[in-house]
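Chemist: after the sequence you'll find the predicted model.
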Amino acid sequence: MIEIRWHGRGGQGAFTASKLLGAAAVTDGLYALSFPSFGPERRGAPIQAFTKIDDKKITDRSVITKGDYIIYLDETLYSPAAKEDLKAGGLIFVNTKDIDRYRDKNVIAIDADSISKEIIGRAVSNTAMLATLIAHTHIVDSESAKKVLKNYLPEKIVEKNKSVIDEIITIERSNNND
């Protein structure tokens with residue numbers, strides 16, 4: 001089973017990204033489970049969301065303490081201690097403007113806010129971080145991720161979010177070929 005833990009703040013779309021990933025996995029013929037863990041329900045409060053993906057039915061509905069991938073939509077929630085929460089060979093993804101700060105073999109840093117702001121008009125990094133995860137892991141097909149956007153996002157921003165996914169996939173694939 002592949003286990004992904006998302007960290008964000010209320011209103012940043014961490015749970016939406018978790019659901020999008022799960023829906024894309026189902027589109028790809030896999031089983032998926034996505035669920036949130038909220039503290040105080042207010043905009044800006046730290047939240048976690050979880051996605052589990054497998055090729056067989058998922059019965060374990062517990063929170064993820066050791067993940068294959070951990071994603072931070074808000075870098076202020078990241079701590080180097082997060083590496084202790086990774087399974088062997090796992091990766092951490094951090095949305096940051098200071099990419100050089102995160103030079104580590106287990107950490108992928110990207111300025112998802114700037115890319116989202118340029119394409120969508122707002123710094124909402126959830127689909128950009130989802131695309132970064134897909135570009136580095138291939139756990140779901142990017143076309144499947146784009147296909148399910150219409151089920152979770154307002155119609156007026158679906159095409160822009162597809163463009164975000166395409167842009168991130170292009171950037172990350174070219175970076176990986178350097």
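Modeler: That came through fine.

Chemist: any idea which helix is longest in this structure?
Modeler: The longest helix of the chain (DSSP state H) is helix 155-176.

Chemist: what's that one packed up against?
Modeler: strand 107-110, helix 112-120, helix 126-137, helix 142-148 (3 or more Cβ pairs under 8 Å, 6 or more residues apart in numbering; DSSP states H and E). Heads up, the C-betas are built off the backbone N, CA and C, glycines and all.

Chemist: what mean pLDDT does the first one have?
Modeler: It refers to strand 107-110. For strand 107-110, mean pLDDT is 96.

Chemist: now what about it, what contacts it?
Modeler: Strand 107-110 is contacted by residues 91-96, 98-99, 101-102, 128-129, 132, 136, 168, 171-172 when judged by Cβ atoms under 8 Å, 6 or more residues apart in numbering.

Chemist: again, only this time at 7 Å
Modeler: Contacts to strand 107-110, defined as Cβ atoms under 7 Å, 6 or more residues apart in numbering, come from residues 91, 92, 93, 94, 95, 96, 99, 102, 132, 136.

Chemist: related to what we said a few turns ago, could you check the angle the longest helix of the chain makes with helix 112-120?
Modeler: Helix 155-176 runs at 130 degrees relative to helix 112-120, counting by axes from the mean of the first three to the mean of the last three Cα atoms, to 10 degrees.

Chemist: what's in contact with helix 155-176?
Modeler: 115-116, 119-120, 127-128, 131-132, 134-136, 142, 145-146, 149-150, 153.

Chemist: are any of these buried, and if so which?
Modeler: Neighbour-count burial (16 or more other Cβ atoms under 10 Å) applied to the contacts of helix 155-176 gives 115-116, 119-120, 127-128, 131-132, 134-136, 142, 145-146, 149, 153.

Chemist: return the subset of the contacts of strand 107-110 lying in helices.
Modeler: 132, 136.

Chemist: just the buried ones among the contacts of strand 107-110, please.
Modeler: Judged by 16+ other Cβ under 10 Å, buried ones among the contacts of strand 107-110: 91, 92, 93, 94, 95, 96, 102, 132, 136.

Chemist: from what I see, the last one and residue 91 are in contact.
Modeler: Spelled out, it's residue 136. Yes. Using Cβ atoms under 7 Å, residue 136 is in contact with residue 91, at 6.5 Å.

Chemist: list the buried residues of the longest helix of the chain.
Modeler: Going by neighbour count (16+ other Cβ under 10 Å), the buried part of helix 155-176 is 157, 160, 161, 162, 163, 164, 165, 167, 168, 169, 171, 172.

Chemist: find the residue closest to the third one in space, skipping its chain neighbours.
Modeler: Just to be clear, that refers to residue 161. With Cβ to Cβ, 6 or more residues apart in numbering as the criterion, residue 161 has its nearest non-adjacent residue at 4.5 Å, and that residue is residue 127.
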